[in-house]
Every structure is written in structure tokens, then in C-alpha cells.
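Peer 1: The following block contains a protein sequence and its predicted model.
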Amino acid sequence: MEKTIYAHDVIEFLTVAAEFCAYLEQSQGRNRREFMDRMLKLLPLLYLKASLVPDIESNGDFLPDDRVTEEDYNWIRCNVYDIMQSMDDYEDLVYDEDMQTEESCWKSISEGLADIYQSLRNFVSSYQQGIEDCMNDSLWAVRDQFELYWGQCLVDTLKRLHRLTYSSLNGMEHEDVE
């Protein structure tokens, strides 16, 4: 019987996660339109592949250490900010379930992508080590983080990138997307 950590859907998720991380790590100096176009393709694929990862149990003894340092996180965030510049920050409505109200909050594409990167790079790094117990717990952790945080972050960032790309193509955006 196949181990979950080597299941087809897990390996496909790992592949897309590694591609996403590599692209962000090599994004310095990229053209804004090219960058946004690539994110509009990678983010939906990443969401799909993450949603197909099977449930897995963690025994908690082998949860991997974070591989992404604060410097790594800030480097990714700053590179994306340099690409997005004035288009980075945006206002979003967030529904507060406790209060049953919507409130406005400021978000940024660079921080959203850096948050996603952090979870995925930690996951990919544990698979690169090849220690099965760590891989198991890392898979559990990245799936848990997807459900609790970075999945919504991905959707919010994708929504903003979509709006920037297609409103500018239709002449509705005042700033140049290049």
C-alpha cells in the first residue's frame, strides 16, 4: 500500500509548490505584467493541488523547524513589492463571523505572497531532506495552514491580481501595469 506522503496528489502539490517558491525566489527585477500573468496561472493551480491533498495524521513528534528565516521572508516580500510598487496595497472587505459584520482592512500582494511562500518553502524543504516522519508531519502542517490561513490569503491575492490585470486591460485602471 502506498504511503500518503508519496501519493500522486501529494507529489503533484509538492511539484507546484516547488515551482511557486522557485519563481518567487527568482522574481527580482521581473516585469510587472509578466509577474502578474505567472501568478494568475500558478495561484489557482496551487489552490487546486492543495485542496486535493488527502487528510493525514501527525504524531507531532517530527514537526519540522521553520526553514524560512525572517530575512528570507522579507527578501521575498520586498522583491514582490518592488515589482508591484503602487499596486501592492489594496483595501479588502473581511467578514467577521462573531460580529456578523463586514469591515475594511488593508492588505498587500507582497505580504500575501510572502505568507504563502513561507508555508510552502518550509514544506518543500522538509521533502528535500527525505526523512519520512518529517515529511509526514510537514504535509500535515502545510495542509492545516492551508485550511486555516494561506488558502484564504491565496484567494484574496488572486482576486486582487485578477482585478488589476483585467481592469487595466479594459482601460479601467489609471496606472500602467507594465
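Peer 2: Received it, and whenever you're ready, just let me know what you need.

Peer 1: Would you quantify the distance from the residue nearest the centre of the chain to Phe35?
Peer 2: Geometric centre of the chain, nearest residue: Ile116, 2.8 Å, by Cα atoms, centre = their mean. Distance from Ile116 to Phe35, counting by Cβ to Cβ, to the nearest Å: 15 Å. The way it works is simple: take the backbone N, C-alpha and C, and place the C-beta from them, glycine included.

Peer 1: The residue nearest to the centre of the chain reaches Leu154, doesn't it?
Peer 2: Yes. Ile116 is within contact range of Leu154, at 5.7 Å (criterion: Cβ atoms under 8 Å).

Peer 1: Now for those two: what residues contact both?
Peer 2: Common contact partners of Ile116 and Leu154 (Cβ atoms under 8 Å, 6 or more residues apart in numbering): Leu46.

Peer 1: Residues contacting stretch 89-99, please?
Peer 2: Thr101, Glu102, Glu103, Ser104, Cys105, Trp106, Lys107, Ser108, Ile109, Asp156, Arg160.

Peer 1: Helix, strand or coil: sort out the fifth one for me.
Peer 2: The one in question is Cys105. Using DSSP: H, G, I helix; E, B strand; the rest coil, the secondary structure recorded for Cys105 is strand.
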